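Q: Give me a 3D structure for the following:
(one chain, ligands or ions: 1)
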Amino acid sequence: MRILITNDDGIYSPGIAALARIASRFGEVRVVAPDVEQSSMGHAVTHSRPLSYRKSPIEFPGIEAYRVNGTPADCVALGTHLWSKTDVVLSGINMGPNLGNGMWHSGTLAAAKQAVLLGIKGIALSTPVGDTEPDFDLLAPFVEKTLSTLLADKELALYNVNFPQRPRDTRWTRQSVRLYDGTIVPGTDPLGRKHYWFTVTPLEPAEEGTDRWAVDNDFVSITPLRLDLTNELMLREKANG
Ligand code: MN
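A: The predicted structure is shown next:
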């Protein structure tokens, strides 16, 4: 199995090193990742300048690794173009959760979406970052178990996986779409000039069975997603007049 690995935190992230290490138990792995952090880039693509594809300056033992001056979606498009017959794209492990409405901004998830657009299975993997960095050794058996489940079938599918800091079990979940607080917080720079932070915080507690609920309750959350955003109910109503 050919497994292409990317992320949105960039090639230097400990999360991508952990994922490459674990994924290499399932097949042949290649890493193609952004050369700098691209978090919250969503599904942006670079169309106004050329992309470069260079050997990674950091070593992934036994794995070919490349850095790209582009977005996560660029890395998937370029990586799968230059490595024919890629079977699956894994994106992560992101340093920070990608849950609920946060999925709209996620570069991690966008890389997996780009894979599915190209007809290749895509799996996004994320974990929260607290006061300490994620313990990837502790998470490794859960990542391995998740991959063995999701890589078993050949179906074209898009999965969004989130690992709590200390998982106790796994749940299949739906996306939480409760209101969130995407608000602007003003601040001042060292020279006294005004600047602004865009913050994303859930406003309401998560409902049971959702991705946010699962991670809040120490479950690994696996959400199967689709690319078709059509509002079926409204379409039926409008189409039938
Ligand atoms: Mn990120």
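Q: Pull up the residues of this protein that are close to the ion.
A: Within reach of the ion by C-beta under 5 Å from the ion, the chain has these residues: 8-9, 39, 94. (C-beta placed from N, C-alpha, C; glycine too.)
Q: cutoff 6 Å now
A: 8-9, 39, 94-96, 108 (C-beta under 6 Å from the ion).
Q: Going by neighbour count, which of these comes out on top?
A: Asp8 (34 neighbours; other C-beta atoms under 10 Å).
Q: Show the contacting residues for that one.
A: Applying C-beta atoms under 8 Å, 6 or more residues apart in numbering, we find Asp8 in contact with 34, 37-41, 71-72, 91, 94, 106-108, 110-111.
Q: Report the spatially nearest residue to it, omitting neighbours in sequence.
A: Using C-beta to C-beta, 6 or more residues apart in numbering and skipping the chain neighbours, the partner closest in space to Asp8 is Gly107 (3.0 Å).
Q: which residues in this structure form helices?
A: 14-23, 72-82, 107-117, 136-150, 211-216, 232-239 (DSSP state H).
Q: Going by contacts, tell me the helices and strands next to the first one.
A: When you say that, I think you mean helix 14-23. strand 2-6, strand 28-34, strand 88-95, helix 136-150 (3 or more C-beta pairs under 8 Å, 6 or more residues apart in numbering; DSSP states H and E).
Q: what residues does the last one touch?
A: This points to helix 136-150. 14-15, 18-19, 21-23, 25-26, 90, 93, 121, 123, 125, 127, 157, 159, 161, 163, 166-167, 170, 220, 222.
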